[in-house]
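[1] Compute the structure for the input listed below.
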Amino acid sequence: MIRSLIASAAACMTAAACGVDITAPDLVGEWGGEHISLSASLNRSTLEYDCAHGTIEGTIEPDRSGNFEVTGIHVREHGGPVQQDEVPDEHPARYVGWTNGDRMTLTVILTDTGLEIGTYRLRLGEQAQLFKCL
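    Down below sits the predicted model:
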């Protein structure tokens with residue numbers, strides 16, 4: 001009996017050591033990559049792309065493997081001036097990704113059209129490489 005309890009405890013510790021085990025506070029900060037910037041906070045995160053921007057309401061909470069899925073808004077932008085009465089090209093979005101705490105892969109999918117905007121790679125503390133549309 002004791003031997004089986006010890007074996008179970010050892011298996012649990014090994015499984016925990018194999019997981020990523022990232023908590024939401026670990027992800028707070030400035031993330032950057034090619035064509036994307038993510039300012040992550042516990043309550044609301046903002047994204048900036050070359051010709052778009054977005055928000056994630058709530059917390060990005062990865063599972064033990066580092067995978068996460070959150071929802072928010074994606075707003076397409078365009079070059080040139082914004083008209084005074086222009087309605088933003090805003091879409092509900094699903095943000096699906098993976099992180100190990102200092103690297104992140106993020107895929108953006110518009111939920112009203114099913115269009116996949118793209119997959120981005122980010123690093124915590126890295127400067128974003130954005131080329132805003134003109």
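
[2] Identify the residues contacting stretch 34-49?
    Stretch 34-49 is contacted from outside by 24-25, 27-32, 50, 53-60, 72, 104, 106, 117-118, 120-122, 128-131, using Cβ atoms under 8 Å, 6 or more residues apart in numbering. Where C-beta positions appear, they are placed from N, C-alpha and C, glycine not excepted.

[3] got it, and stretch 66-83?
    With contacts defined as Cβ under 8 Å, 6+ apart, stretch 66-83 is touched by 20, 22, 45, 51-62, 88-101, 108, 110-111, 117, 132-134.

[4] if you look at the residues you listed, which of them are in strands?
    Mapping the contacts of stretch 66-83 onto strands (DSSP state E) picks out 45, 52-57, 89-99, 108, 110, 117.

[5] Drop anything exposed from those.
    Among the ones in strands among the contacts of stretch 66-83, the ones that count as buried by 16 or more other Cβ atoms under 10 Å are 45, 52-56, 91, 93-99, 108, 110, 117.

[6] From the centre of this structure outward, give me the first residue you hit.
    Centroid-nearest residue in the chain, with Cα atoms, centre = their mean: Leu106, separated by 5.2 Å.

[7] for that one, which residues make a bridge with it?
    Taking DSSP bridges, one obtains Gly97, Tyr120 as the residues bridged to Leu106.

[8] Correct me if wrong, but Asp26 is in a helix.
    Yes. Remark: Asp26 belongs to a helix, assigned using DSSP: H, G, I helix; E, B strand; the rest coil.

[9] Now it: closest residue in space, sequence neighbours ignored.
    The spatially closest residue to Asp26, leaving aside those adjacent along the chain, is Gly101, at 5.2 Å (Cβ to Cβ, 6 or more residues apart in numbering).

[10] Tell me, how many residues neighbour that neighbour?
    Neighbours of Gly101 under the rule other Cβ atoms under 10 Å: 14.

[11] now Ala24
    Neighbours of Ala24 using other Cβ under 10 Å come to 15.

[12] distance of it from Thr46?
    For Ala24, the distance to Thr46 equals 16 Å [Cβ to Cβ, to the nearest Å].
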